[in-house]
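Chemist: Sequence plus the predicted model coming up.
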Amino acid sequence: MGSSVMMMLSAQVAAAAAAQARREEEEETLTSYTAEDVGGDWEFKIVRAPMAAFRSRGRLEELVAEEAVSGWEMLEKLDDRRVRFKRPKKARERDGELPATVDPYQTRYASEEGVATMVLVILLTLLLAPALIVGAMFVSFLAVLLAVGLVVGLIWLMI
């Protein structure tokens, strides 16, 4: 049982790594832009969310408004987790005037709902893991008792 769980986890890790590699390739090579998009003196960034935060139109608009404060313009929504922005390099000159709460080079987005959901998942995992382990041990113990009972029964029949 333990080796099958490890194989399943290894397969999931490999699938996640392959998906990450595909996303990185898309970010670097597959997206094409016009000369107007990239011409000039621009800097670029991609804002990523741990979950599909940008599926919600309201949350996407909230992100675009937050980034506009420091001069970033949305270039494209890559998917529900990634949004690419650009801004003129001269906008750096105004970074010192931004409120202390604004980081113009922020690349991670976490809404309060997303953080709460992740905390809930972690807590549930921590609460359920011991029960699952004890349950697996109990099932294993019952299997051993059944096997011992069968052996004793066979020996009893042979006597």
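Modeler: Sure thing, it's come through.

Chemist: what about residue 70, which SS state?
Modeler: coil (DSSP: H, G, I helix; E, B strand; the rest coil).

Chemist: Going by neighbour count, which residues of stretch 80-98 are buried?
Modeler: Buried residues in stretch 80-98, counted by 16 or more other CB atoms under 10 Å: 81, 82, 83, 84, 85, 86, 87. Where you see a C-beta, it was placed from the backbone N, CA and C, and this is true even at glycine.

Chemist: How about stretch 133-145?
Modeler: Buried residues in stretch 133-145, counted by 16+ other CB under 10 Å: none are found.

Chemist: what about the residue most central in space within the chain, which SS state?
Modeler: What sits nearest the mean C-alpha location of the chain, by CA atoms, centre = their mean, is residue 50, with 3.9 Å. What three-state DSSP gives for residue 50 is coil.

Chemist: In strands, which of the buried residues of stretch 80-98 appear?
Modeler: Counting by DSSP state E, the buried residues of stretch 80-98 place 82, 83, 84, 85, 86, 87 in strands.

Chemist: Beta-bridge partners for the last one, please?
Modeler: Which is residue 87. Assessed by DSSP bridges, residue 87 has beta-bridge partners residue 43.

Chemist: Report pLDDT for it.
Modeler: The model reports residue 87 with a pLDDT of 94.

Chemist: Could you do residue 1 as well?
Modeler: pLDDT recorded at residue 1 is 50.

Chemist: helices or strands next to the longest helix along the chain in the packing?
Modeler: Counting residues, the longest helix found in the chain (DSSP state H) is helix 112-158. For helix 112-158, the contact count by 3 or more CB pairs under 8 Å, 6 or more residues apart in numbering; DSSP states H and E identifies no helix or strand as a packing neighbour.
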